[in-house]
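K.L.:
mind folding the following:
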Amino acid sequence: MKPLQELLLWSLLAASVCVFGLGIFASRSEAIASAMGSGSTRLPQFVQAIADEIELPLSVEGRRVVLDTCEMGLQPSLPLLLRFATDEQRQMIAPFCADLAKLAVDASSADSYAWAILAMAQMRSGNIASAERSLIRSSLTAPTEAWIARTRFNLIQDHYDQLSHNVRGLGDADALVLIDGRLGNVVARRYVADAGFRQRSEALLESQPEPVQRRFLSLVRQQI
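P.N.:
Have a look, this model is predicted:
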């Protein structure tokens, strides 16, 4: 075999090994995401996956499953299925989800949902300045995606007193996106349950067109 042919053969072989290795990595990550199940039933498997140090799936769908599970695990009120986890396992969730979200935004800086989850993890860890930057990035990349606006809105309202005036304004913008769409019940629920938000939101709601105000009042009545 000629030297050039031999070199090409070894190059192709090395490339094949790399592709095969990436395939195994991707398949494992995607399989773990699929095996988590759906809804809150993912949480026990997710806690176990943290202990096993799972990697972020390569596909958009797989990544969304893992980040969505992070959102459930980072809620202020501990989900029932996490109450059976140990303190050590619960404390691992925020740094683990922060690392996954960072990988996601490194892979795609336009991943608005990953920025929102990163903000949740940073807020849980007490890193408010970083959380604010992540919220701003999330809002810039998808200002009108209602399902992402819901995540930002709830996070901002939960930590309203700790946030800057500019970031509070993002919460107002997200509230308007939600009120004007199919997720208006999220704002209505907050309006009923959170006296502080109810007081803060009066001027914002009064600035909306009358049909929007009527629709929102109807949603509020449904929550009472």
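
K.L.:
the helices in this structure, which residues?
P.N.:
3-35, 42-51, 60-73, 87-107, 112-124, 128-141, 146-158, 165-179, 184-193, 195-206, 210-223 (DSSP state H).

K.L.:
give me the number of residues near the spatially closest residue to residue 167 that is not a sequence neighbour?
P.N.:
Excluding the flanking residues, the one nearest residue 167 by C-beta to C-beta, 6 or more residues apart in numbering is residue 132, at 4.9 Å. Where you see a C-beta, it was placed from the backbone N, CA and C, and this is true even at glycine. Neighbourhood size, residue 132 [other C-beta atoms under 10 Å]: 21.

K.L.:
and the one 4 residues further on, by the same measure?
P.N.:
The local packing of residue 136 (other C-beta under 10 Å) involves 17 other residues.

K.L.:
same deal with residue 211?
P.N.:
8.

K.L.:
pLDDT wise, what is the residue nearest to residue 167 at?
P.N.:
Here the pLDDT value assigned to residue 132 is 99.

K.L.:
again with residue 13
P.N.:
30.

K.L.:
could you do the one 10 residues further on as well?
P.N.:
Looking at residue 23, its pLDDT reads 37.

K.L.:
and the residue nearest the centre of the chain, what does it touch?
P.N.:
With distances taken as C-alpha atoms, centre = their mean, residue 117 lies nearest the centre of the chain, 3.2 Å away. By C-beta atoms under 8 Å, 6 or more residues apart in numbering, the residues touching residue 117 are 67, 70-71, 74, 97, 100-101, 104, 151.

K.L.:
need those in TSV with distance to residue 164 and pLDDT, can you?
P.N.:
As requested, the contacts of residue 117 are exported to TSV (distance: C-beta to C-beta, whole Å; pLDDT from 0 to 100):
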residue	distance to residue 164	pLDDT
67	25	92
70	24	90
71	23	93
74	21	93
97	23	91
100	26	89
101	21	95
104	25	92
151	19	98
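
K.L.:
how near is residue 96 to residue 124?
P.N.:
11 Å (C-beta to C-beta, to the nearest Å).

K.L.:
report pLDDT for the closest residue to residue 170 other than its chain neighbours.
P.N.:
Once flanking residues are discounted, residue 170 sits nearest to residue 139: 4.8 Å by C-beta to C-beta, 6+ apart. You'll see residue 139 listed with a pLDDT of 99.

K.L.:
mind checking how far residue 139 is from residue 59?
P.N.:
Residue 139 is 25 Å from residue 59, by C-beta to C-beta.

K.L.:
looking at these two, which is more packed in?
P.N.:
Per other C-beta under 10 Å, whichever of residue 139 and residue 59 has more neighbours is residue 139, with 23 against 12.

K.L.:
surely residue 102 touches residue 118?
P.N.:
Yes - with contacts counted by C-beta atoms under 8 Å, residue 102 reaches residue 118, the gap being 6.3 Å.

K.L.:
who has more neighbours, those two?
P.N.:
Neighbour tally, residue 102 and residue 118, criterion other C-beta under 10 Å: the higher count belongs to residue 118, 29 against 17.

K.L.:
would you check that residue 144 makes contact with residue 177?
P.N.:
Yes - contact criterion C-beta under 8 Å: residue 144 and residue 177 qualify, at 5.6 Å.
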